[in-house]
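# The amino acid sequence is not available; the structure is as follows:
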């Protein structure tokens, strides 16, 4: 158990819908990261927040957005969902913004039908 | 453009022997490298890391070697155990504000036979 908690574990939704994935980082960790794992793209970095502020951005679609709240939990919002958005979405956290081990949660399986 | 490559999709070794997993990278800005182990339906589990100022880092049965000139790193597991059977990912980071922006390889499936 990495200490990073993600909900929901599984989610099935229809195309065009909007979903929110939630992440609670390890106790004391200030950085939260979101990654997407799909069959054809592997593990891809989406976005990082550090203490409530966006710190780094990857290949995150404009239909996706994230935020980190004052209690340090984070949410990833996926809208206008397409079949290709079906993937495993991982949240990870680390103590700081650099030089610390990054721990991953167990992921949220999203299936778009 | 795959900046981190694990060219062996799978590796099979006998229990007690050495497992060597390889990883190549192309981005010379990468200065921090990590190995993760992943079981199906679980998140990646951190194993070991190495900074570009070192060429070797050891932690128990796991040793990571970094050859900066060749842009190559390898993970050695000695001795291999059946519980080590999993998918192994190498990842790289450019450090600084890009530290958490890990670029992952495609993974190598390790099978350790009893």
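Arrived safely. The model shown is predicted, which means the values in this text are computed figures rather than measured ones.

# Leaving out chain neighbours, which residue sits closest to the residue nearest the centre of chain A?
For chain A, the residue nearest the mean C-alpha position is residue A:34 (3.2 Å; C-alpha atoms, centre = their mean). What sits nearest to residue A:34 in space, not counting adjacent residues and going by C-beta to C-beta, 6 or more residues apart in numbering or on different chains, is residue A:46, at 4.2 Å. (Each C-beta comes from the backbone N, C-alpha and C, glycine too.)

# can you check residue B:31 too?
That would be residue B:52: by C-beta to C-beta, 6+ apart, it lies 4.0 Å from residue B:31.

# quick one, phi/psi of the one you found?
phi -70, psi -10 (degrees, to the nearest 10).

# related to what we said a few turns ago, quick one: the residue nearest to the centre of chain A and residue A:112, what's the gap?
17 Å (C-beta to C-beta, to the nearest Å).

# what's the answer for residue B:15, then?
Plainly put, residue B:15 is 41 Å away from residue A:112 if you go by C-beta to C-beta.

# So which of these two has more stuff around it?
Per other C-beta atoms under 10 Å in any protein chain shown, whichever of residue B:15 and residue A:112 has more neighbours is residue A:112, with 19 against 13.

# how many other residues sit next to the residue nearest to residue B:24 when sequence neighbours are not counted?
Distance criterion C-beta to C-beta, 6+ apart; nearest residue to residue B:24, sequence neighbours excluded, is residue B:5 at 4.9 Å. Using other C-beta under 10 Å, residue B:5 has 15 other residues around it.
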